[in-house]
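K.L.:
attaching a predicted model along with its sequence, questions to come.
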Amino acid sequence: MDPVHADFFAGGAGEERTLRANVTAYDRLRIVPRVLRATGDRDLRITLFGTGLATPVLVAPTAFHLLAHPSGEAATAEGAAAAGTVMVVSMAATQPVERIAEAGGPLWFQLYPQPDLAFTEHVVRRAEKAGCRALVVTVDSPVFGRRERDTRNGFTDLPAGLACENMRDATGRARDIVMDPGLGWDRLGWLRTVTGLPILVKGILHPADARLAVEHGMDGLIVSNHGGRQLDGAIASVDALPAVAEAVGGRIPVLVDGGIRRGTDVLVALALGATAVLVGRPVITALGGGGAAGVRDHLRTLTADLDHVMALAGARRPADLTPDLVAVAR
Ligand code: FNR
C-alpha cells in the first residue's frame with residue numbers, strides 16, 4: 001500500500017491519544033471467568049433489527065476501500081457476507097452502493113446528513129433501493145478532525161479517477177461530503193420522516209446523549225469516538241460504554257467500536273453492555289492483504305477467537321456475558 005494511504009487508514013487526530021487509548025483501555029479490563037456452567041454447544045448468533053447474524057462482530061463504516069484493494073468496497077461486502085455479518089457502507093465509499101450490494105449483504109448505510117436536505121433524501125433513497133437495512137448516522141463530525149499524518153503527507157483528495165460514488169447528484173457530479181455544524185436532533189427527526197429504515201446514531205460517548213437518542217426515537221446507537229480520528233483526548237470507547245449502557249437501560253441496542261482487536265475485546269465489550277461490536281482498521285488491513293477472502297478470514301478468525309474465550313470464561317451465548325465478568329486491573 002502507498003505509505004500515504006497507509007497513514008490515512010492508520011492515523012488519528014492530534015497526538016493520537018484517543019486512537020491509542022481505544023486499544024490500551026482493553027489492557028486494563030480483565031475477565032473474571034465463570035466455571036462449570038457453560039455446558040453444551042456455544043451459539044454466537046444474534047439478531048439485529050430483524051436480521052440474523054452469525055456473529056456479533058460487524059464491519060464499521062470506513063472510507064476509500066479502493067485505496068486498499070482494487071476490488072474495493074465490493075470485496076469487503078463479499079467478505080462480510082461470507083462471514084455472515086453486516087457491512088456498514090461508508091458514505092465515503094469509492095464504489096456505488098448498488099455495486100457493493102451486488103457483491104454481498106446484509107448492508108447498512110452510513111450517512112453524514114448533508115445541509116442540502118433534498119440531496120440527503122436522494123442518498124437515502126439510493127441506499128434503500130440498493131437494499132440497505134439500516135441507516136447509521138454519524139454525529140461526531142460537526143467539523144472534520146485534524147489528522148496530522150494526512151496534513152504532513154499532503155493527503156487532501158482522492159487520486160484522479162476515484163470519487164465518493166454515493167455523493168453523485170442528478171448532474172452526475174460527485175459532491176464533497178460536508179461536515180455540518182448545523183446538524184442537530186431536529187434533523188434526525190426529519191430523517192425519521194423520510195425513511196422507514198431503522199436509524200442508529202454513531203458517535204455517542206456521553207450518557208446524556210444516549211438518553212436523548214432514545215427520547216428522539218432512534219433505533220440503536222453506536223458508542224464510538226470515530227477510531228480516534230475526530231476529538232483527540234476523547235474518552236476511550238470501551239470506557240464510555242458502561243455509563244451509556246446504563247442510561248439506555250436495554251431500550252435500544254447499544255453497539256461499540258474502537259480498538260477491538262481480539263476475541264477478549266469483543267467479550268469485554270459485550271459483557272459491559274454492547275449487543276454487538278464493529279471493527280474498522282483490521283478489516284481494511286485484511287482487505288488490503290487478501291481482498292474478499294482476507295476480510296472473510298479476518299472476521300471468521302475474530303469470531304472463532306470470541307468463541308474460544310467465551311468457552312474459557314464460562315459463556316455459551318452473548319447474552320451470558322454480564323458486567324460482573326469484567327474487572328478493572330489495578
Ligand atoms: C473511519 N471511520 C468512519 N466512520 C464513519 O462514520 N464514516 C466514515 O466514512 C469513516 N471513515 C473511516 C475511515 C478510516 C480509514 C477509519 C480508520 C475509520 C470510523 C469507523 O467507522 C470506526 O468508528 C473506527 O474505525 C473504529 O475503530 P477501529 O476499529 O479502527 O479501532
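P.N.:
Right, received. Where do you want to start? Values in this document were obtained by computation on a predicted structure and should not be read as measured data. Residues are numbered from 1 along each chain as shown.
K.L.:
pull out the buried positions in stretch 277-292.
P.N.:
277-288, 290-292 (16 or more other Cβ atoms under 10 Å). C-beta coordinates here come from the backbone N, C-alpha and C atoms, glycine included.
K.L.:
farthest pair in the residues you listed?
P.N.:
Greatest spatial distance among the buried residues of stretch 277-292 (Cβ to Cβ): V277 and G291, at 23.1 Å.
K.L.:
if we can go back for a sec, list, out of the buried residues of stretch 277-292, those positioned next to the ligand.
P.N.:
V279, G280, R281 (Cβ under 6 Å from any ligand atom).
K.L.:
mind checking the SS state of the nearest residue to the first one once chain neighbours are set aside?
P.N.:
To tie it back to what came earlier, the one meant is V279. In space, and not counting its chain neighbours, V279 is closest to I260: 5.4 Å by Cβ to Cβ, 6 or more residues apart in numbering. Applying DSSP: H, G, I helix; E, B strand; the rest coil to I260 yields a three-state assignment of coil.
K.L.:
the one 4 residues further on too?
P.N.:
Counting by three-state DSSP, the backbone at T264 sits in helix.
K.L.:
name the nearest residue to it, ignoring sequence neighbours.
P.N.:
V309 (5.1 Å).
K.L.:
ok, that neighbour - contacts?
P.N.:
Counting by Cβ atoms under 8 Å, 6 or more residues apart in numbering, V309 makes contact with I31, R262, G263, T264, L267.
K.L.:
let's see 7 Å
P.N.:
Counting by Cβ atoms under 7 Å, 6 or more residues apart in numbering, V309 touches G263, T264, L267.
K.L.:
which bits of this structure sit near the ligand?
P.N.:
9, 22, 60-63, 90-92, 110, 138, 202, 224, 226-227, 229, 257-260, 279-281.
K.L.:
next step: the residues you listed restricted to strands.
P.N.:
Using DSSP state E, the subset of the residues of the chain next to the ligand located in strands is Q110, T138, K202, D257, V279.
K.L.:
and the second one, how far from F144?
P.N.:
Look at T138 and F144: by Cβ to Cβ, to the nearest Å, they are 12 Å apart.
K.L.:
more neighbours: which of the two?
P.N.:
Set side by side, T138 and F144 show more neighbours around T138, with 23 against 12, by other Cβ atoms under 10 Å.
K.L.:
give the contact list for the more buried one.
P.N.:
Going by Cβ under 7 Å, 6+ apart, the list of residues near T138 reads Q110, Y112, K202, G203.
K.L.:
output the below-cut-off pLDDT ranges for this structure.
P.N.:
Judged against pLDDT under 70, the chain has no low-scoring part.
K.L.:
please enumerate the helices of it.
P.N.:
Here the chain has its helices, by DSSP state H, at 3-10, 17-27, 72-82, 97-103, 117-130, 148-153, 185-194, 207-215, 237-248, 263-271, 281-313.
K.L.:
dump those into CSV; add distance to A319 as well.
P.N.:
Formatted as CSV, the helices of the chain follow (distance: least, Cβ to Cβ, whole Å):
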stretch, distance to A319
helix 3-10, 34
helix 17-27, 21
helix 72-82, 23
helix 97-103, 31
helix 117-130, 30
helix 148-153, 40
helix 185-194, 29
helix 207-215, 21
helix 237-248, 14
helix 263-271, 9
helix 281-313, 11
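K.L.:
of all the ones you listed, which one is nearest G172?
P.N.:
Closest among the helices of the chain, once you apply Cβ to Cβ, is helix 117-130, at 12.7 Å.
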